[in-house]
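# below is the structure, and that's it, no one-letter string:
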(Lines give C-alpha, C1' and ligand atoms only; values in the text may rest on other atoms or scores of the structure.)
Protein backbone atom coordinates (compact mmCIF):
# COMPACT_ATOMS: atom_id res chain seq x y z
CA UNK A 1 0.00 0.00 0.00
CA UNK A 2 1.38 3.38 -0.91
CA UNK A 3 1.28 6.36 1.37
CA UNK A 4 -1.19 8.15 -0.88
CA UNK A 5 -3.79 5.41 -0.28
CA UNK A 6 -4.03 6.57 3.32
CA UNK A 7 -5.77 9.75 2.21
CA UNK A 8 -8.52 7.81 0.43
CA UNK A 9 -9.03 5.44 3.35
CA UNK A 10 -9.13 8.21 5.96
CA UNK A 11 -11.32 10.36 3.73
CA UNK A 12 -13.92 7.61 3.36
CA UNK A 13 -13.86 7.05 7.13
CA UNK A 14 -14.34 10.77 7.77
CA UNK A 15 -17.31 10.81 5.39
CA UNK A 16 -18.85 7.83 7.18
CA UNK A 17 -18.38 9.45 10.59
CA UNK A 18 -19.96 12.65 9.29
CA UNK A 19 -23.07 10.68 8.34
CA UNK A 20 -23.01 9.02 11.76
CA UNK A 21 -22.84 12.44 13.46
CA UNK A 22 -25.73 13.74 11.33
CA UNK A 23 -27.99 10.80 12.15
CA UNK A 24 -27.11 11.08 15.83
CA UNK A 25 -27.93 14.79 15.79
CA UNK A 26 -31.26 14.02 14.11
CA UNK A 27 -32.04 11.42 16.75
CA UNK A 28 -31.22 13.81 19.58
CA UNK A 29 -33.25 16.60 18.00
CA UNK A 30 -36.31 14.35 17.84
CA UNK A 31 -35.83 12.55 21.18
CA UNK A 32 -38.65 14.41 22.92
CA UNK A 33 -41.03 14.83 20.00
CA UNK A 34 -44.46 13.31 20.48
CA UNK A 35 -47.18 12.24 18.14
CA UNK A 36 -50.83 11.46 18.56
CA UNK A 37 -50.45 8.16 16.72
CA UNK A 38 -47.83 5.43 16.92
CA UNK A 39 -47.40 5.39 13.14
CA UNK A 40 -46.25 9.01 13.06
CA UNK A 41 -43.82 8.80 15.99
CA UNK A 42 -40.17 9.33 15.13
CA UNK A 43 -37.97 6.23 15.00
CA UNK A 44 -34.26 6.36 15.83
CA UNK A 45 -31.99 5.95 12.81
CA UNK A 46 -28.53 4.42 12.62
CA UNK A 47 -26.08 4.14 9.69
CA UNK A 48 -24.76 0.76 8.57
CA UNK A 49 -21.09 0.66 7.54
CA UNK A 50 -19.12 -1.85 5.50
CA UNK A 51 -15.37 -2.16 5.10
CA UNK A 52 -14.14 -2.11 1.53
CA UNK A 53 -11.13 -3.93 0.18
CA UNK A 54 -9.13 -3.24 -2.97
CA UNK A 55 -11.02 -5.70 -5.16
CA UNK A 56 -14.28 -3.91 -4.38
CA UNK A 57 -12.79 -0.70 -5.78
CA UNK A 58 -11.94 -2.40 -9.06
CA UNK A 59 -8.25 -3.10 -8.44
CA UNK A 60 -6.97 -6.31 -9.96
CA UNK A 61 -4.19 -8.36 -8.41
CA UNK A 62 -1.65 -7.56 -11.16
CA UNK A 63 -2.23 -3.83 -11.29
CA UNK A 64 -2.28 -2.69 -7.67
CA UNK A 65 -1.95 1.01 -7.13
CA UNK A 66 -3.79 2.11 -10.26
CA UNK A 67 -6.68 3.36 -8.16
CA UNK A 68 -6.58 6.08 -5.52
CA UNK A 69 -7.37 3.81 -2.59
CA UNK A 70 -7.36 0.10 -1.88
CA UNK A 71 -9.58 0.16 1.19
CA UNK A 72 -12.05 2.28 3.05
CA UNK A 73 -15.53 2.51 4.47
CA UNK A 74 -18.86 2.66 2.69
CA UNK A 75 -22.20 3.63 4.19
CA UNK A 76 -24.53 0.83 3.11
CA UNK A 77 -27.63 2.64 4.31
CA UNK A 78 -29.50 4.08 7.24
CA UNK A 79 -31.86 1.81 9.12
CA UNK A 80 -34.61 2.63 11.59
CA UNK A 81 -34.37 1.15 15.06
CA UNK A 82 -36.84 -1.59 15.94
CA UNK A 83 -36.66 -0.83 19.67
CA UNK A 84 -40.05 -0.28 21.28
CA UNK A 85 -41.41 3.22 21.70
CA UNK A 86 -41.37 4.83 25.12
CA UNK A 87 -44.83 5.04 26.63
CA UNK A 88 -45.26 7.56 29.42
CA UNK A 89 -48.34 7.99 31.51
CA UNK A 90 -49.30 11.66 31.09
CA UNK A 91 -53.12 11.79 31.10
CA UNK A 92 -53.28 15.60 30.84
CA UNK A 93 -50.99 15.80 27.79
CA UNK A 94 -52.83 16.86 24.59
CA UNK A 95 -51.32 13.92 22.66
CA UNK A 96 -52.30 11.28 25.23
CA UNK A 97 -54.30 8.30 24.01
CA UNK A 98 -57.55 7.13 25.62
CA UNK A 99 -55.56 5.31 28.35
CA UNK A 100 -53.52 8.44 29.18
CA UNK A 101 -50.26 7.32 27.59
CA UNK A 102 -48.09 9.48 25.33
CA UNK A 103 -45.85 7.78 22.77
CA UNK A 104 -42.29 9.10 22.67
CA UNK A 105 -39.60 8.08 20.15
CA UNK A 106 -37.37 5.06 20.77
CA UNK A 107 -34.29 7.28 21.13
CA UNK A 108 -31.94 6.46 24.00
CA UNK A 109 -30.27 9.81 24.75
CA UNK A 110 -27.33 8.25 26.63
CA UNK A 111 -26.61 5.89 23.73
CA UNK A 112 -26.84 8.75 21.24
CA UNK A 113 -24.43 10.91 23.24
CA UNK A 114 -22.01 7.97 23.35
CA UNK A 115 -22.35 7.58 19.57
CA UNK A 116 -21.69 11.29 19.12
CA UNK A 117 -18.52 11.21 21.22
CA UNK A 118 -17.31 8.06 19.46
CA UNK A 119 -17.95 9.47 15.98
CA UNK A 120 -16.31 12.77 16.87
CA UNK A 121 -13.20 11.05 18.19
CA UNK A 122 -13.02 8.74 15.20
CA UNK A 123 -13.24 11.73 12.87
CA UNK A 124 -10.52 13.49 14.86
CA UNK A 125 -8.24 10.43 14.70
CA UNK A 126 -8.65 10.24 10.92
CA UNK A 127 -7.66 13.90 10.66
CA UNK A 128 -4.54 13.06 12.68
CA UNK A 129 -3.78 10.13 10.36
CA UNK A 130 -4.01 12.44 7.35
CA UNK A 131 -1.83 15.08 8.98
CA UNK A 132 0.79 12.48 9.90
CA UNK A 133 0.80 11.09 6.35
CA UNK A 134 1.17 14.60 4.97
CA UNK A 135 4.11 15.31 7.28
CA UNK A 136 5.76 12.02 6.29
CA UNK A 137 5.36 12.82 2.59
CA UNK A 138 6.86 16.29 3.10
CA UNK A 139 9.86 14.79 4.92
CA UNK A 140 10.39 12.19 2.20
CA UNK A 141 10.40 14.94 -0.43
CA UNK A 142 12.93 16.95 1.56
CA UNK A 143 15.37 13.99 1.72
CA UNK A 144 16.67 14.73 -1.76
CA UNK A 145 17.66 18.28 -0.91
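Sure, I can see it. The shown structure was predicted, so the numbers you read here are calculated from the model rather than taken from an experiment. Numbering: from 1, shown residues only.
# what strand or helix carries the residue sitting nearest the centre point of the chain?
With distances taken as Cα atoms, centre = their mean, the residue of the chain nearest its centroid is residue 20 (2.0 Å). With secondary structure defined by DSSP states H and E, residue 20 is part of helix 5-29.
# helices and strands around that helix, which ones?
strand 45-53, strand 71-80, helix 109-142 (3 or more Cβ pairs under 8 Å, 6 or more residues apart in numbering; DSSP states H and E). In this view, the C-beta of every residue, glycine as well, is placed from N, C-alpha and C.
# identify each buried residue in the last one, please.
Translated: helix 109-142. 112, 115, 116, 119, 122, 123, 126, 129, 130, 133 (16 or more other Cβ atoms under 10 Å).
# correct me, but the residue nearest to the centre of the chain touches residue 47?
Yes: in this structure, residue 20 is within contact of residue 47 by Cβ atoms under 8 Å, at 5.3 Å.
# quick revisit: okay, the buried residues of helix 109-142 in JSON lines with distance to residue 140 and pLDDT next?
Putting those into JSON lines (distance: Cβ to Cβ, whole Å; pLDDT from 0 to 100) gives the following:
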{"residue": "112", "distance to residue 140": "42", "pLDDT": "96"}
{"residue": "115", "distance to residue 140": "37", "pLDDT": "95"}
{"residue": "116", "distance to residue 140": "37", "pLDDT": "96"}
{"residue": "119", "distance to residue 140": "32", "pLDDT": "96"}
{"residue": "122", "distance to residue 140": "27", "pLDDT": "96"}
{"residue": "123", "distance to residue 140": "26", "pLDDT": "96"}
{"residue": "126", "distance to residue 140": "21", "pLDDT": "95"}
{"residue": "129", "distance to residue 140": "17", "pLDDT": "93"}
{"residue": "130", "distance to residue 140": "16", "pLDDT": "93"}
{"residue": "133", "distance to residue 140": "11", "pLDDT": "91"}
